[in-house]
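A.B. asks: Could you work out the structure for the sequence below:
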Amino acid sequence: MAGRIEDYALIGDMQTAALVCRDGTADWLCLPRFDSHAAFAGLLGAEEHGFWRIGPAHPSGAVPPRADRRRYRGDSLVLESEWDTPRGTVRVIDFMPPRDGAPQLIRIVEGVSGRVPMRSALRMRFSYGRVVPWVHKVGDRTVAVAGPDSVWLDTEADTFGKDLTTYSDFTVSPGERVAFTISWQPSHREPPALPDPEGSLEATEDFWREWVGHCTYHGPYRDAVIRSLITLKALTYAPTGGIVAAPTTSLPEEIGGVRNWDYRYTWLRDAAITLSSLLRTGYREEARAWREWLLRAVAGDPENLQIMYGIAGERELGEAELPWLPGYENSVPVRVGNGAAGQLQLDVYGEVTEALHLAHMTGLARNDYASLLQLRLIGYLEDHWTEPDEGIWEVRGPRRHFVHSKVMAWVAVDRTIKLIESGDVDGPLERWRELRDDIHRDVCERGYDKERNTFTQSYGSRELDASLLLIPQMGFLPPDDKRVIGTIEAIQRELSTPDGFVLRYPTAGHEAGVDGLEGDEGAFLACSFWLADDLAMIGRVDEARQLFEKLLGLRNDLGLLAEEWDPHLKRQVGNFPQAFSHVPLIDTALRLTASSAFGG
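C.D. replies: Model (predicted):
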């Protein structure tokens, strides 16, 4: 059985990623890309669906011992796990070197004290646990082959096969190191080069040390910000600059429920806000790469802008279910692909335009096509902003006139007006100023409940929505506007959990709710960070800081966050780790640091 979501660590090479549990089991790994079929799918099933465990030997049938300590080595993505056993202490070092050839997962076992018996158990299963490979020896190497895939195991330790699993039993003494490497290669190609585990370890640490050195944030929350930045970098597909929302699929928003989605794609919304956080902390190269990815993905067809694309810009992301996988803690269905790619979400135009505006304002070298794209996006919005859509939360029910979507349409027009006013491009300035005023008036008249002094989720509804917290952050209204303060306080009353975290919107349990789905979900961490931001903006800085520090306390021991927090089970839920949680963590840290600097 898979561990709790917060029991996992992330390692990756900026093309794919693995999740390693506290007991030393790699339960999730897609090869060769984030969105490829999983070779280890035990996270969504059982050991029969693929895993790789390295840890102290334990009796057959017994629960594998959990590491007594674990950490990332400095500011890197190199994981160290340590076990204290009756026979001594042992350390396992797990990492994936930034790729210069075949993708590799390297695991180095190091004796610390005593003589500790160890076991490696590797069960390769391709196609999300459904395909059993042919495993055989090629010289001193072990290879697992099925269809287009091959995975090569290299180690100096002796190995043997049993029950369709490759084992190695060995003992380590103080200072002794035993390395294991798996490398993926297309099965029709020559074998991958022999690995150099120690050299790769040094190069991987050097890479992260150099990358982190570019961070310009040095405030009181630096450790949390750095770990979030490293996580965002790890979720970036290096060859193209595309950023995945998370490296996993179908980790449930409600344990045992149906809200299980595939997040291994590039949402324009998530990527745009990630870009803004990277820019504000000194990472201009990542911003440039994302802008180039965006221009390639949208190409000459901005009128048909999708809300998400594949990590190389693919448009077809058809959704399917994998019935042979029982799901994480029996949460089904397990889905791959994402049908929301075909939805209309007007807010995306605002997020993309805001990201392009920020890149322009921070001095990123001008790209004429980026400016042209921005003008064409507004041209589309001019004709379509009055339409209903599926909104930021990708409802599977009827389209509505979501207030957040209209606000972000206003943002798109406003930022483009600023671009024209800067003199860098030409456009119908007066016409779009009128458009901006029209959208603003429409939202304030039709999306605002005067009796309750709050904006609502959609025109004519009474439901609230935590995305309304972005109204002051986007500059739609000033923070001291009574309607903004009323909305913040209404969300605190109606959408907050007892411990002060924020739900996205009301759900309806066993009935279909406003999103067209049955079931409930946890507190949405991004929205909880947004509340902290808003509290700081309206002068309630101490309250904002208290909420922020409570949110930091939800991170696992390695500083990682999933999408949501279950306030009843007191555990993380949703895909993990989640860019949409780590980005607002960075933004709120920056805002609170600035508030402190100015005496807030």
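
A.B. asks: What segments of the chain are helices?
C.D. replies: 126-129, 197-212, 222-234, 268-280, 284-298, 347-361, 368-384, 403-421, 429-446, 470-473, 482-494, 525-537, 541-552, 579-597 (DSSP state H).

A.B. asks: Any idea how many residues pack against the nearest residue to Thr416 once chain neighbours are set aside?
C.D. replies: Leaving aside its chain neighbours, Thr416 sits nearest to Ile378 (4.8 Å; criterion: Cβ to Cβ, 6 or more residues apart in numbering). C-beta here means a position set from N, CA and C on the backbone, and glycine is covered the same way. When neighbours are counted by other Cβ atoms under 10 Å, Ile378 registers 26.

A.B. asks: what's the answer for Gln546, then?
C.D. replies: For Gln546, the count of nearby residues is 14 (other Cβ under 10 Å).

A.B. asks: pLDDT weak spots in the stretch 501-600 of the chain?
C.D. replies: Scanning the stretch 501-600 of the chain with the threshold set as pLDDT under 70 gives 508-519, 597-600.

A.B. asks: pLDDT wise, what is the residue nearest to Thr416 at?
C.D. replies: pLDDT for Ile378: 92.

A.B. asks: picking that back up, most tightly packed of the helices of the chain?
C.D. replies: Compared across the helices of the chain, helix 525-537 shows the largest average neighbour count, a mean of 25 (mean count of other Cβ atoms under 10 Å).

A.B. asks: now it, how far from the centre of its chain.
C.D. replies: Chain-centre distance of helix 525-537: 19 Å, with Cα atoms, centre = their mean, to the nearest Å.

A.B. asks: other SSEs contacting that helix?
C.D. replies: helix 470-473, helix 482-494, helix 541-552, strand 564-566, helix 579-597 (3 or more Cβ pairs under 8 Å, 6 or more residues apart in numbering; DSSP states H and E).

A.B. asks: Give me the residues contacting the first one.
C.D. replies: Meaning helix 470-473. With Cβ atoms under 8 Å, 6 or more residues apart in numbering as the test, helix 470-473 has contacts from 404, 407, 455, 477-479, 481, 484, 487, 530, 533-534, 537-538.

A.B. asks: now those residues as CSV including distance to Thr166?
C.D. replies: Below are the contacts of helix 470-473 laid out as CSV (distance: Cβ to Cβ, whole Å):
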residue, distance to Thr166
His404, 51
Val407, 55
Phe455, 58
Leu477, 61
Pro478, 63
Pro479, 59
Asp481, 64
Val484, 60
Thr487, 57
Trp530, 47
Asp533, 49
Asp534, 53
Met537, 56
Ile538, 59
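
A.B. asks: which one of the residues you listed sits closest to Asp383?
C.D. replies: Checking the contacts of helix 470-473 against Asp383 by Cβ to Cβ gives Val407 as the nearest, at 18.5 Å.

A.B. asks: quick revisit: just the closest of the contacts of helix 470-473 to Asp424, please.
C.D. replies: Closest to Asp424, out of all of those and judged by Cβ to Cβ, is Val407, at 24.9 Å.

A.B. asks: Which residues are in contact with the closest one?
C.D. replies: Asp347, Gly350, Val443, Leu470, Ile471, Met474, Phe476.

A.B. asks: In TSV: the helices and strands packed on helix 525-537, plus distance to Arg396.
C.D. replies: As requested, these are arranged in TSV below (distance: least, Cβ to Cβ, whole Å):
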stretch	distance to Arg396
helix 470-473	22
helix 482-494	23
helix 541-552	28
strand 564-566	18
helix 579-597	19
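
A.B. asks: Pull the contacting residues for the closest residue to Pro186 other than its chain neighbours.
C.D. replies: Sequence neighbours aside, Pro148 is the residue nearest to Pro186 in space, at 6.0 Å (criterion: Cβ to Cβ, 6+ apart). By Cβ under 8 Å, 6+ apart, Pro148 lies in contact with Pro186, Ser187, His188.

A.B. asks: In PyMOL, select just the buried ones from the residues you listed.
C.D. replies: To isolate the buried members of the contacts of Pro148 in PyMOL, using 16 or more other Cβ atoms under 10 Å:
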select buried, resi 187
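
A.B. asks: Serialize the contacts of Pro148 to TSV and add fields for distance to Gly282.
C.D. replies: Converted to TSV, those look like this (distance: Cβ to Cβ, whole Å):
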residue	distance to Gly282
Pro186	37
Ser187	42
His188	43
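
A.B. asks: ok so, going back, between the helices and strands packed on helix 525-537, which one is closest to Trp290.
C.D. replies: Closest to Trp290 of the helices and strands packed on helix 525-537 is helix 579-597 (Cβ to Cβ; 12.1 Å).

A.B. asks: hmm, back to that, now, which of the contacts of helix 470-473 sits nearest Tyr309?
C.D. replies: Within the contacts of helix 470-473, the smallest distance to Tyr309 is 21.6 Å, found for His404 (Cβ to Cβ).

A.B. asks: from what I can see the closest one touches Ala466, true?
C.D. replies: No - using Cβ atoms under 8 Å, His404 is not in contact with Ala466; the gap is 9.3 Å.

A.B. asks: I'd like the distance from Glu494 to Lys570, if you could.
C.D. replies: 22 Å (Cβ to Cβ, to the nearest Å).

A.B. asks: for Ala562, same thing?
C.D. replies: 13 Å.

A.B. asks: Between these two, tell me which one has more neighbours.
C.D. replies: Using other Cβ under 10 Å, the more surrounded residue of Ala562 and Lys570 is Ala562, with 27 against 9.

A.B. asks: List the residues that contact that one.
C.D. replies: Ile5, Glu6, Leu251, Leu525, Gln572, Val573, Gly574, Asn575, Phe576, Pro577, Gln578, Ser581.

A.B. asks: Please tell me I have it right and the third one contacts Asn575.
C.D. replies: Think Leu251. Yes - here Leu251 reaches Asn575: they are 4.8 Å apart, a contact under Cβ under 8 Å.

A.B. asks: Need the residues touching each of those two.
C.D. replies: Ala562, Glu563.

A.B. asks: who's more crowded, the two?
C.D. replies: Leu251 (31 against 27).

A.B. asks: so how many other residues sit close to Thr155?
C.D. replies: Quick note: Thr155 (other Cβ under 10 Å) scores 23 neighbours.

A.B. asks: Any figure for the gap between it and Gly114?
C.D. replies: From Thr155 to Gly114 the distance is 22 Å (Cβ to Cβ).

A.B. asks: that older thread, so which of the helices of the chain comes closest to Ala38?
C.D. replies: helix 126-129 (4.9 Å).

A.B. asks: chain center to the closest one: distance?
C.D. replies: Using Cα atoms, centre = their mean, the offset of helix 126-129 from its chain centre is 22 Å.

A.B. asks: same check, this time on stretch 30-41
C.D. replies: 16 Å.

A.B. asks: Give me the residues contacting it.
C.D. replies: Contacts with stretch 30-41, where a contact means Cβ under 8 Å, 6+ apart, come from 15-18, 26-29, 44, 49-52, 103, 124-129, 149, 151, 184, 235, 237, 244, 247, 264-265, 310-311, 325.

A.B. asks: my read: Arg452 touches Gly486, true?
C.D. replies: Yes - taking contacts as Cβ under 8 Å, Arg452 lies within contact range of Gly486: 7.4 Å.
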